[in-house]
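Asker: with the input below, show me the fold.
(chains A, B, C and D)
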2 protein chains.
Amino acid sequence: MLQEERYTYMAGVMKALAHPTRLFIVDELSKGPRNVGELTEMVGMDMSTISRHLSVLKQNGIIAAKKQNNQMIYHLLCPCVLDMYKCVIKIKEQAE
Amino acid sequence: MLQEERYTYMAGVMKALAHPTRLFIVDELSKGPRNVGELTEMVGMDMSTISRHLSVLKQNGIIAAKKQNNQMIYHLLCPCVLDMYKCVIKIKEQAE
DNA sequence: TGGTTATTTGGTCAAATAGACAAATACTGG
DNA sequence: CCAGTATTTGTCTATTTGACCAAATAACCA
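Answerer: Numbers count the residues shown, from 1 in each chain, chains lettered A, B, ... in the order given. Below is the predicted model:
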């Protein structure tokens, strides 16, 4: 199993995306920047939970944040993530 | 958070891919069909562990298997999975 | 400075995951 | 049918994850 390190890194990025709430956040950020409060309200969970999800996405290079006054504004870094969705849809179609 | 079911399904597929060993298996199957023993040898883990990983990939519509004599031959269903890798590489570049 | 709002972090708990080994199952060939 | 090979499944253990609440931190405004 060569290039093991590479697979581990890639798995980390995939894992960061592999959660319904985080997928929603990515989808939402693809429409434009949002702050933590906005996302929290949309998801309907504790703000600390959303903050942790955002942290996971940020650590894996999927999103980034800017501080604006006392708010954190998150934005999507790499819109190509959305292309992954298309592949997943294909897989779903094939699975049926 | 509309379409919650859709996000959960997609997260399941992503999660199936979000493991170094399973990424390796997908990569290997993209080169051609393999049986469990071959994959086990390449990965260097217990065969039961590999079998479980294959099961996860199969359940999520990523791979499929055919029985040939007393062997199970696994093959990749949707090569578009490999395109995801490209996006992950982009993310990696951006994260640095 | 003190109060208010926005966000993150620490602690805890239950559930999910990944690994190993042993046992069960399925198929082949004598 | 029996032995051998290939694969899957049951069980156990250790680790990770995701959720909540409460407390800490940061930035604004009066």
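Asker: hey, C-alpha coordinates of the helix or strand where residue A:88 lies in PDB?
Answerer: Following DSSP states H and E, one finds residue A:88 within helix A:81-95. What follows is helix A:81-95, C-alpha atoms only, in PDB (Å, rounded to 0.1, in the frame of the first residue of the first chain):
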ATOM      1  CA  VAL A  81     -16.300  20.500  -3.600                       C
ATOM      2  CA  LEU A  82     -19.700  20.900  -5.200                       C
ATOM      3  CA  ASP A  83     -18.700  18.700  -8.100                       C
ATOM      4  CA  MET A  84     -18.300  15.900  -5.700                       C
ATOM      5  CA  TYR A  85     -22.000  16.100  -5.100                       C
ATOM      6  CA  LYS A  86     -22.600  15.300  -8.800                       C
ATOM      7  CA  CYS A  87     -20.500  12.100  -8.500                       C
ATOM      8  CA  VAL A  88     -22.400  11.100  -5.400                       C
ATOM      9  CA  ILE A  89     -25.700  11.500  -7.200                       C
ATOM     10  CA  LYS A  90     -24.400   9.200 -10.000                       C
ATOM     11  CA  ILE A  91     -23.400   6.600  -7.400                       C
ATOM     12  CA  LYS A  92     -26.900   6.800  -6.000                       C
ATOM     13  CA  GLU A  93     -28.500   6.300  -9.400                       C
ATOM     14  CA  GLN A  94     -26.300   3.300 -10.000                       C
ATOM     15  CA  ALA A  95     -27.000   1.800  -6.600                       C
END
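Asker: and it, what's buried?
Answerer: A:81, A:84-85, A:87-88, A:90-92, A:95 (16 or more other C-beta atoms under 10 Å in any protein chain shown). The C-beta positions use only the backbone N, C-alpha and C, and glycine is treated the same way.
Asker: mind checking pLDDT for residue A:95?
Answerer: Each residue has a pLDDT score; the one for residue A:95 is 67.
Asker: what's the worst-scoring helix or strand of chain A on mean pLDDT in contact with?
Answerer: One helix or strand of chain A scores below all others by mean pLDDT, DSSP states H and E: helix A:81-95, with a mean of 84. The contact list for helix A:81-95 (C-beta atoms under 8 Å, 6 or more residues apart in numbering or on different chains) reads A:17, A:26-27, A:30, A:62, B:9-10, B:13-14, B:60-62, B:77-78, B:80-81, B:83-84, B:87, B:91.
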